[in-house]
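Sharing a model that was predicted from the sequence below.
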Amino acid sequence: MKSVLEYFEEIMQIPRESGKEERIAEYVVKFAKENNLEYKVGKYNTVYLRKNNNSNKTIILQAHSDMVCVSTKSYNFDNKGIPFYIDGDFYKSKNTSLGADDGIGIAIILAILQENDDMPNIEVMITTQEETTMLGASNFDYSLIKGKTLISLDGIKEADIESSSAGMCSITMNKEINYEISNENCYKLLISGLMGGHSGDDINKNRCNAIKLVARLLEKLNYKNIADINLGKRDNVIPSEGYVVFSSKENVDSINEKIVEIDCNLNDEKNSLNLKLENYEDKTVIKESKEIIEFISKIKNGLLEVYKDDEFPLLSANIGKISIKDNKLEVKYSIRSSDLLKEEELLKEIKELSVKYGFELTVDANKPFFPYKDKSIIRNILAETYKELYNKETTIKKVHACMEGGIFSTNIQNLDICTIAPTIENCHSIDESVSISSIKRVYEWLKQTLIKYNQ
């Protein structure tokens, strides 16, 4: 019998970027065959497993197999695993995201399936593309599911029992651009060193958005036009690096002096920000430059509204990526909300702004939130079990990250659902890490919870 850590280390060696989950699905199927489990592979490489423990109770365990792939340098996530290492109590990676979100969830589930204690029947949902479209959860074969109680392993902090989540609207905006030759000097400004982070979990931490920062910098540098722009990775990641090419009448020394003097409102990130200016030979610039920068400046971003009772995020937005390819500017944007009306109002506002500045807007995915339930048997058992094991209280938590729970609740009637996980720091970034001791505690927590649930 392998330990949960052994499974996690194997999983980290399997390429599994969102939309490319074939190999991790094969790995899970191989496990099912070796352990004589019922299994079925569904659309988008989702996997269903079932272990019959001859119980009159059934519980569903869930995790997603994909990960957010980010790196400081070009890294071939299609063919390489994660270059992980152990630093004290933590798994970390060298210059890439770790994929503990949600590789550790799969590892915990596989290890649990090898336990022979007195447990309920276990159904497993391995979903895919959670970090992008949630097509795996949306297209899962729910006719296979018999249970009405679900524990997801897609959280980020030990002792938190996540009992509701925000929904998320993913948006792409495109704009055709035209070029002309500039008479001014052109420069490339490279930005790095910002913290970035998860656009849900970290949106209330006032982290600087590199795209918004570039708009402020250009306005204060009295730029004439931009020639190229490439910042951020995806709509659910706060952008931390990239570059912009712009034209100006001023020389390098003059611009560098202004950069040093500019107050970027960076708070704790001011000392880590790295701005590098280079000469740029090509003087081809974009005619619509002013419109583009004005659009970036005006589009809403960051934490927008909070719950009145506890200041928890209610509505937020993230401009996560901007890039140019084949004479077309592309912007990736997301809205997170636990209030459908507020989400619809903001979406209407963004659509109007897009029309004003000549962007074509497409809603790529609209993922539902799941509301808090006053009564939950599994939430009570989880809280009692953790207190018995570790003599500490759990926290019943709202989550501003968009989770698949909204989709599960829509497709499984009367579902009792909670989410737990070991402590994962800095999800979706190169600084992502997961606590080894926390993994072990959460594993035992889940195991004892299943035993108690069965009783």
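Sure, I can see it. Residues are numbered from 1 along each chain as shown.

pLDDT wise, what is residue 268 at?
Per-residue pLDDT puts residue 268 at 66.

Equivalent analysis for the one 10 residues further on, please.
Residue-level confidence at residue 278 comes out at 93, pLDDT.

That one: helix or strand, and which one exactly?
Using DSSP states H and E, residue 278 falls within strand 274-280.

in its sheet, what does that strand sit against?
When pairing is defined by DSSP bridges, strand 274-280 lines up against strand 185-192 (antiparallel).

Show me which parts of the partner strand are buried, residue by residue.
By neighbour count on 16 or more other Cβ atoms under 10 Å, the buried set for strand 185-192 is 185, 186, 187, 188, 189, 191. Yep, even glycine has a C-beta here, placed from its N, CA and C like the rest.

Tell me which residue lies farthest from the centre of this structure.
Using Cα atoms, centre = their mean, the residue of the chain lying farthest from its centre is residue 183. It sits 42.4 Å away.

can you count the residues close to the closest residue to that residue other than its chain neighbours?
Nearest residue to residue 183, sequence neighbours excluded (Cβ to Cβ, 6 or more residues apart in numbering): residue 283, at 7.7 Å. The number of residues packed near residue 283 is 15, by other Cβ atoms under 10 Å.

what sits up against the helix or strand harbouring residue 446?
Using DSSP H and E, residue 446 falls within helix 436-454. The contact list for helix 436-454, computed with Cβ atoms under 8 Å, 6 or more residues apart in numbering, reads 4-5, 8, 53, 55, 57, 59, 86, 89-91, 104, 107-108, 111-112, 115, 117-120, 122, 149, 151, 153, 158, 378, 381-382, 384-386, 388-390, 420-423.

The same query, at a cut-off of 7 Å, please.
With contact meaning Cβ atoms under 7 Å, 6 or more residues apart in numbering, helix 436-454 is reached by 4-5, 55, 57, 59, 89-91, 104, 108, 111-112, 115, 117-120, 151, 158, 378, 381-382, 385-386, 389-390, 420-423.

Please apply the same query to stretch 412-426.
100-101, 104-105, 142, 145, 148-158, 161-163, 197, 370, 376-379, 382, 403, 405, 408-409, 432-435, 438-439, 442, 446.

Look at that stretch and report the distance between its end residues.
32 Å (Cα to Cα, to the nearest Å).

Tell me the buried residues in it?
Buried residues in stretch 412-426, counted by 16+ other Cβ under 10 Å: 412, 415-426.

TSV for these, including secondary structure, pLDDT and distance to residue 302?
Listed next are the buried residues of stretch 412-426 as TSV, based on DSSP: H, G, I helix; E, B strand; the rest coil; pLDDT from 0 to 100; distance: Cβ to Cβ, whole Å:
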residue	secondary structure	pLDDT	distance to residue 302
412	coil	96	34
415	coil	95	32
416	strand	96	34
417	strand	96	29
418	strand	96	29
419	strand	96	25
420	coil	97	28
421	coil	97	25
422	coil	98	28
423	coil	98	25
424	strand	97	22
425	strand	95	21
426	coil	92	18
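
Would you tell me which one of these comes nearest to residue 176?
Checking these against residue 176 by Cβ to Cβ gives residue 426 as the nearest, at 36.9 Å.

Please report phi then psi for residue 101.
Residue 101 adopts backbone torsions of phi -90, psi 100, taken as degrees, to the nearest 10.

That one and residue 427 touch, don't they?
Yes - Residue 101 is within contact range of residue 427, at 4.7 Å (criterion: Cβ atoms under 7 Å).

Can you pull the residues that touch both of these two?
With Cβ under 7 Å, 6+ apart as the test, residue 101 and residue 427 both reach residue 156.

Helices of this structure, start to end?
Here the chain has its helices, by DSSP state H, at 4-11, 22-34, 100-113, 135-138, 210-220, 252-261, 289-298, 340-356, 377-390, 405-411, 436-454.

What are the buried residues along the last one?
Meaning helix 436-454. Going by 16+ other Cβ under 10 Å, helix 436-454 has these buried residues: 436, 438-439, 441-443, 445-450, 453-454.

Output these in TSV; the columns should cover pLDDT and distance to residue 394.
What follows is the buried residues of helix 436-454, written out as TSV (pLDDT from 0 to 100; distance: Cβ to Cβ, whole Å):
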residue	pLDDT	distance to residue 394
436	98	21
438	98	14
439	98	17
441	98	12
442	98	11
443	98	16
445	98	9
446	98	13
447	98	16
448	98	13
449	98	11
450	98	16
453	97	16
454	96	20
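
Can you lay out the residues you listed as a markdown table showing distance to residue 277?
A markdown table is the format used below for the buried residues of helix 436-454 (distance: Cβ to Cβ, whole Å):
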| residue | distance to residue 277 |
| --- | --- |
| 436 | 42 |
| 438 | 43 |
| 439 | 44 |
| 441 | 48 |
| 442 | 47 |
| 443 | 50 |
| 445 | 51 |
| 446 | 52 |
| 447 | 56 |
| 448 | 58 |
| 449 | 55 |
| 450 | 58 |
| 453 | 60 |
| 454 | 64 |
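
which pair in those residues spans the largest distance?
Taking Cβ to Cβ, no two of those sit farther apart than 436 and 454, at 28.0 Å.

ok, the closest residue to residue 94 other than its chain neighbours - how many residues close by?
Spatially, and ignoring its direct neighbours in sequence, residue 94 is nearest to residue 83 (4.5 Å; Cβ to Cβ, 6+ apart). Residue 83 is flanked by 15 other residues according to other Cβ under 10 Å.

Distance-wise, check residue 83 relative to residue 71.
Relative to residue 71, residue 83 is positioned 10 Å away (Cβ to Cβ, to the nearest Å).

now swap in residue 411 and tell me
Noted for residue 411: a distance of 35 Å to residue 71, by Cβ to Cβ.

what's the answer for residue 211, then?
19 Å.

do the same with residue 372
For residue 372, the distance to residue 71 - Cβ to Cβ - is 37 Å.

any low-confidence regions in the stretch 351-455 of the chain?
Within the stretch 351-455 of the chain, not a single segment meets pLDDT under 70.

one more time with 80, if that's ok
For the stretch 351-455 of the chain, applying pLDDT under 80 flags the ranges 402.

Out of the buried residues of strand 185-192, which comes closest to residue 137?
residue 191 (34.6 Å).

who's in contact with the least confident helix or strand in the chain by mean pLDDT?
Here the helix or strand of the chain ranked lowest by mean pLDDT, DSSP states H and E is helix 252-261, holding a mean of 83. If you take Cβ under 7 Å, 6+ apart as the criterion, helix 252-261 is touched by 187, 220, 221, 248, 275, 277, 279.
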